[in-house]
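In: model the following, please.
(one chain, ligands or ions: 1)
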Amino acid sequence: MEFKEGLTFDDVLLVPKYSDITSRSQTNLSTKLSRNISLNIPFISANMDTVTESSMAVVMARAGGIGIIHRFLTIQEQAKEVLKVKRSGSVIIENPYTIDQDKTVQDALDYAKEKEVSGLLVLNSESKLVGIVTDRDLLFEKNTLHLIKDVMTKDVVTTKPGTSTEEAKEILHKHRIEKLPIVDESGTINGLITSKDITNIEDYPSASKDQKGRPLVGAAVGVKGDFLERTENLLDAGADVLVVDIAHGHSENAISTIRNIKKAFPDCELIAGNIATAKGAEDLINAGVDAVKVGVGSGSICITRVITGSGVPQLTAVMDCTKICRDHDIPIISDGGTRTSGDATKALAAGASSVMIGSMLGGTDESPGTVLTKNGKRFKVYRGMASLGASLGRKSKEAGSISFDEDLNDYVAEGVEAMVPYKGTVTDILKQLTGGVRSGLSYCGAHNISQMQNNAEFIKMSRAGFAESQPHDVSVM
Ligand code: XMP
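Out: Numbers count the residues shown, from 1 in each chain. Sure thing, here's the model as predicted:
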C-alpha cells in the first residue's frame, strides 16, 4: 500500500514573487462561484445554522460574496429567508406586499410583522392602488379595529413603469417620501421603489447581484425526503444557486440527488459536496454540478477525522481536485479550516476559486443566535451541523419532539458544539479577509486570483519554520 502525503495550510507558505503592485486597490478579487455565477470577492458564508440566515446573506452579498442559507429550517422558513435577501436590495421590488382597504389596522399590523416590512400598499376591491399605510400610520392608532381605508395615506405619489433610478430619486426627494409605487395606466401596481433600496445600492458598489439587480443568495438542500419540493420552493423564492449538502459527497446519495435536481430543474445552478479527491470531483462533475465544494474533516468544529479516521488535509484536497476541475472549467470552493486571510490566500493559490467560511463569521451580529456572557466575555454558539445539539434541534423541528435517550443511542456525532467570541459586524471581518488576500496576491506578483494560481509556488516548512511564522519571543498585547 502506498502512502500519499497530505498537507494543509500550516504546512506551507507561498514563495514571494516580484510584484509591480503599488497599492492593494490595483488587485481584483472577482472570481467564479460556479459555472454561471461570478462574485466580486471570493468568500461564501457557510450553510450552517449558526452562520447563515438572511441577515448574514444580505451582508455577504453587499460585500460582493454570497451566503448560503442553511437547510435546517422548514421549507417555508428557508424560502422566506431567501425571499428576505432578495427583497433587501433590489431597485424595484416586483411584488410589493399589499392589503385590502377593508381590512383592519390589526390585520395590517399582523401582515407587516409577518413579512417584516414597514409599509403596505392598499388596494380596492378591483386590486387598484388607493393608498399606502406605513409604520407611522399604524403605530399610534389606538383602535386596531379601524379600517385601513380610514387611516391610510390617500394621495399616493406614484410613477410609471420604466422610471430610472435617477428619476425615482428626484421624485422621492421632491415629495420627501420614502416609498414610490410604480403604477401602469390601468392603475395596476407594477412594483415599488424605496429610498432605502436606492441608498443601499449606492452604498454597496461591489455587491453581487442577479440580472434584476437583486442580491445574490444561495440555499442548501439535503439528499433525502423532501429535497425536490425544497428545491422547487427555494428556486421560486429566487435562490440563485443551490448547494447539495452532504458530509460524504462522493456517494451514490449525492450523485443521484444531483441528477434528480438537474433533471427536474435543468436551469438550476447547482453546487455539491463535500468531496476531498479528484475522483470525487470528477464523479460530481459527470453528474452535472456547476461547482464542487471541497473539504472533509477540515472544519473547526469537525470531528469526522477523529470519529471515522477519514479525510484529507485541506490544501492537498484542493490541489488534488484542481486539474480535473480546470479541465472541465468547474470552480472549486474550499470549505473548512480557514482561520486567517493567509489560509484563504493559500486555498485560492492552490486552485480554489472561492472559500467557504464558518467559524470566522460565527459570533457576529449577523450570525443567528444570541450573545452570551461568560466570565465577563461575550460569546455566541457556533456548532457543527453533525453535532448532537444541531441534530436534536432539527429532529425536534421535523418531528415535533423526540426522546433524548433514543437519539443518544442512535446518533454518532461528527461535529462539536462550541462558543466563539462575539466579534461585532461581519463587515469588519470581511474587510480584514479581503485586505489580507489582496496583499497575498501582491506577494505572489499577481493582480487577480487566476494570475496568482499561475504564479503560485508553495514551499513546505518545518515545525521550526511554522513557529518562526507566528509572533515569537514577545508578549503579544
Ligand atoms: P470552518 O473551519 O470555517 O468550517 O469553521 C466550516 C465548515 O465545516 C463543515 N461542517 C462540519 N464538518 N462535522 C464536520 O465534519 C460537522 O458537524 C460540520 N458542520 C459543518 C462545513 O463544511 C462547513 O462549511
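In: thought Ile41 was touching Ala61?
Out: No - proximity of Ile41 to Ala61 does not meet the contact threshold set by C-beta atoms under 8 Å, at 10.4 Å. Just so you know, the C-beta spots here come from the backbone N, C-alpha and C atoms, and that holds for glycine as well.
In: which of the two has more residues huddled nearby?
Out: Set Ile41 next to Ala61 and count neighbours by other C-beta atoms under 10 Å: Ala61 wins out with 29 against 22.
In: just the pLDDT at the more buried one, thanks.
Out: Here, the pLDDT recorded for Ala61 equals 97.
In: distance of the spatially closest residue to it that is not a sequence neighbour relative to Ile44?
Out: Of all residues not flanking Ala61 in the chain, Pro215 sits nearest, at 3.5 Å (C-beta to C-beta, 6 or more residues apart in numbering). Separation of Pro215 from Ile44 (C-beta to C-beta, to the nearest Å): 14 Å.
In: next: Val381.
Out: 21 Å.
In: max-length helix in the protein?
Out: Longest helix in the chain, counting residues (DSSP state H): helix 426-443.
In: after the helix or strand of the chain with the lowest mean pLDDT, heading C-terminal, what element do we hit next?
Out: When the helices and strands of the chain are compared on mean pLDDT, DSSP states H and E, helix 404-410 comes out lowest with a mean of 53. Downstream of helix 404-410, the next assigned helix or strand under DSSP states H and E is strand 417-421.
In: buried ones in that following strand, by neighbour count?
Out: Residues of strand 417-421 classed as buried under the neighbour-count rule (16 or more other C-beta atoms under 10 Å) are 418-420.
In: and stretch 259-276, by the same measure?
Out: For stretch 259-276, using 16+ other C-beta under 10 Å, the buried residues are 260-262, 265, 268-276.
In: swap in stretch 421-436?
Out: Going through stretch 421-436 with 16+ other C-beta under 10 Å, the ones that come out buried are 422-423, 426, 429-430, 433-434, 436.
In: on that earlier part again, output the buried residues of stretch 259-276 as a markdown table; include the columns distance to Arg339.
Out: Formatted as a markdown table, those follow (distance: C-beta to C-beta, whole Å):
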| residue | distance to Arg339 |
| --- | --- |
| Asn260 | 36 |
| Ile261 | 33 |
| Lys262 | 35 |
| Phe265 | 36 |
| Cys268 | 33 |
| Glu269 | 29 |
| Leu270 | 29 |
| Ile271 | 23 |
| Ala272 | 25 |
| Gly273 | 20 |
| Asn274 | 18 |
| Ile275 | 22 |
| Ala276 | 19 |
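In: what is the nearest of the residues you listed to the ligand?
Out: The ligand lies nearest to Asn274 out of the buried residues of stretch 259-276, by C-beta to the nearest ligand atom, at 5.5 Å.
In: OK, contacts around Asn286?
Out: Contacts for Asn286 (C-beta atoms under 8 Å, 6 or more residues apart in numbering) come out as none.
In: if we go to 10 Å?
Out: Taking C-beta atoms under 10 Å, 6 or more residues apart in numbering, we find Asn286 in contact with 255, 258-259, 328.
In: Lys423 too?
Out: With contacts taken as C-beta under 10 Å, 6+ apart, Lys423 has the following neighbours: 360-365, 367, 378-380, 429.
In: span of stretch 43-58 from start to end?
Out: Terminal residues of stretch 43-58 lie 13 Å apart, using C-alpha to C-alpha, to the nearest Å.
In: per-residue confidence averaged over stretch 4-12?
Out: For stretch 4-12, mean pLDDT rounds to 96.
In: say whether the ligand is contacted by it.
Out: No - applying C-beta under 6 Å from any ligand atom, one finds stretch 4-12 separated from the ligand by no less than 10.8 Å.
In: so where is this structure shaky, pLDDT-wise?
Out: Across the chain, the stretches falling below the confidence threshold (pLDDT under 70) are 394-410.
In: quick check: residues of it near the ligand?
Out: Where proximity means C-beta under 6 Å from any ligand atom, the interface of the chain facing the ligand comprises 46, 48, 247, 274, 295, 297, 299-302, 304, 335-338, 356-359, 384-387, 414-415.
In: in the stretch 51-200 of the chain, which residue sits closest to the ligand?
Out: The shortest separation between the stretch 51-200 of the chain and the ligand is 7.8 Å, found at Val51 (distances taken as C-beta to the nearest ligand atom).
In: any idea which element that residue lies in?
Out: For Val51, no secondary-structure element claims it when assigned by DSSP H and E, so it is in no helix or strand.
In: so the residue in the chain that the ligand sits nearest to bridges to which residues?
Out: With distances taken as C-beta to the nearest ligand atom, the chain approaches the ligand most closely at Gly415, which sits 1.9 Å away. The bridge-partner assignment for Gly415, based on DSSP bridges, gives Cys302.
In: these two touch, right, it and Arg305?
Out: No - the pair Gly415 and Arg305 does not pass the contact test of C-beta atoms under 10 Å, sitting 11.5 Å apart.
In: the more surrounded of the two?
Out: Neighbour count, other C-beta under 10 Å: between Gly415 and Arg305, Gly415 has more, with 23 against 15.
In: and the more buried one, what does it touch?
Out: Contact analysis of Gly415 by C-beta under 10 Å, 6+ apart lists 48, 247, 299-304, 307, 383-391.
In: weed out the non-buried ones from those residues.
Out: Using 16+ other C-beta under 10 Å, the buried ones in those are 48, 247, 299-304, 383-391.
In: what are the structural domain limits within this protein?
Out: Listed by automatic domain parsing, the domain ranges of the chain are 9-88+215-469, 98-194.
In: among the ones you listed, which is the most enclosed?
Out: Sort the domains of the chain by mean neighbour count, taking mean count of other C-beta atoms under 10 Å, and domain 9-88+215-469 sits at the top with a mean of 20.
In: chain center to that domain, what's the gap?
Out: Relative to the chain's own centre, domain 9-88+215-469 is displaced by 9 Å; criterion: C-alpha atoms, centre = their mean, to the nearest Å.
In: now the end-to-end length of it.
Out: 12 Å.
In: please enumerate the strands of the stretch 201-350 of the chain.
Out: Listed in chain order, the strands found in the stretch 201-350 of the chain under DSSP state E, counting those that start in this stretch are 218-221, 241-245, 270-275, 291-294, 332-335.
In: direction included, what does the longest one pair against?
Out: Strands adjacent to strand 270-275 in the sheet, as given by DSSP bridges, are strand 241-245 (parallel), strand 291-294 (parallel).
In: now do the SS call for the residue sitting nearest the centre point of the chain.
Out: Compute the mean C-alpha point of the chain, and by C-alpha atoms, centre = their mean the closest residue is Gly67, 0.5 Å away. At Gly67, secondary structure determined by DSSP: H, G, I helix; E, B strand; the rest coil is strand.
In: hang on, Thr27 packs against Leu348?
Out: No - the pair Thr27 / Leu348 is not scored as a contact, 11.8 Å apart, by C-beta under 10 Å.
In: looking at the strands paired with strand 270-275, which is closest to Ser19?
Out: Closest to Ser19 of those, according to C-beta to C-beta: strand 291-294, at 28.2 Å.
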